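**Student:** with the input below, show me the fold.
(one chain, ligands or ions: 2)
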Amino acid sequence: EESGLSPTWITDILPSVIQDLNRYGVCVVDNFLGSDKAQPILQEVEALHVRGLFEDGQVVSPNVQDQARGIIRGDKITWVTGNEPQCANIRRLVSAVDSIIAKANHHQDAGQLAKYSITWRSRAMVACYPGQGARYVKHVDNPDGDGRCITAIYYINKDWTPEGGGVLRIYPEGNSQVAEIEPLFDRMLFFWSDRRNPHEVLPANVTSRYAITLWYYDQKEREEYLSRASASTAST
Ligand SMILES: O=C(O)CCC(=O)Nc1cc2ccccc2cn1
Ligand SMILES: [Mn+2]
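**Tutor:** Ligands and ions are numbered 1, 2, ... in the order given. Below is the predicted model:
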């Protein structure tokens, strides 16, 4: 794949990613990279963890009512660009996801994806839920138009069982169906980042529930958000 051409597997899964996002707002791809490529990614993440690079997520919410509810998220996170020396395999994952998102965005049958121009993405957020019931309360990733249009989450939990917990529950807007996504090894998940997909992480019992998240930005929404933000700081 280093030739820069997208591997055939990327073009093969593209239609189902586009179709599922348009139809359900959510898309799950199992055996995304194949275990021989997924395993080294897990090892890099475990190495980051062993080296103590994970910090507590936002342990207590800035606003009071959330504080009254106690911890709103129990994840520990670290951000990587993928260019760090020990993250070569994470970088391969990131470039594979970049390629899928770019091709889907420009595909002639992109549907709702066509209204976005996805020109930017976040760094990779590597998260670990340390077990003992760690969870993330129901929330929307992008409730107020900060530019994020697609959330991409890659799970790397070997031999996951229901007792392990840590299921991602998505409540697709306008749909009575709740989606329960098990954080399985080498599973890739895409969903719209806005209010269409409130979601929560149910209490995790396994020692470490790992996931790598990327957020993709729509250029127009991002620029409008930044100009609003700068206008508000200018006026203060
Ligand atoms: O790991 C999963 O299955 C998803 C967890 C999740 O929703 N994480 C998450 C993490 C976030 C960190 C900072 C700001 C917003 C955030 C929104 N969501
Ligand atoms: Mn989220």
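**Student:** buried set for the longest helix belonging to the chain?
**Tutor:** The residue-count maximum for a helix in the chain (DSSP state H) belongs to helix 88-106. Neighbour-count burial for helix 88-106, counted by 16 or more other C-beta atoms under 10 Å, picks out 89-94, 96-101, 103-105. Every residue, glycine included, has its C-beta placed from N, CA and C.
**Student:** again with stretch 158-167
**Tutor:** If you call a residue buried by 16+ other C-beta under 10 Å, then stretch 158-167 has these buried ones: 160, 164-167.
**Student:** again, but for stretch 186-204
**Tutor:** Those would be 186-194, 196-201, 203-204, for stretch 186-204 by 16+ other C-beta under 10 Å.
**Student:** just the element for Val137, please.
**Tutor:** strand 134-139 (DSSP states H and E).
**Student:** what segments of this protein are helices?
**Tutor:** Along the chain, the segments classed as helices by DSSP H run 8-24, 35-50, 64-68, 88-106, 219-235.
**Student:** pick the most buried one from those.
**Tutor:** By mean neighbour count, with neighbours taken as mean count of other C-beta atoms under 10 Å, helix 88-106 ranks first of the helices of the chain at a mean of 19.
**Student:** what's the average pLDDT for that helix?
**Tutor:** Mean pLDDT, computed over helix 88-106, is 97.
**Student:** what comes into contact with it?
**Tutor:** 1, 6-7, 10-11, 13-14, 17-18, 21, 32-33, 37, 40-41, 43-45, 80, 82-83, 110, 113-114, 116-118, 121, 124, 126, 150, 152, 154, 188, 212, 214, 216 (C-beta atoms under 8 Å, 6 or more residues apart in numbering).
**Student:** equivalent analysis for stretch 138-147, please.
**Tutor:** Residues outside stretch 138-147 that contact it (C-beta under 8 Å, 6+ apart) are 72, 120, 148-149, 151, 171, 193-195, 197-200, 215, 217-219, 221-226.
**Student:** end-to-end on that stretch?
**Tutor:** Length of stretch 138-147, first residue to last, C-alpha to C-alpha, to the nearest Å: 20 Å.
**Student:** same deal with stretch 105-118?
**Tutor:** End-to-end for stretch 105-118, by C-alpha to C-alpha: 7 Å.
**Student:** quick one: buried residues of it?
**Tutor:** Buried residues in stretch 105-118 (16+ other C-beta under 10 Å): 105, 110, 113, 116, 118.
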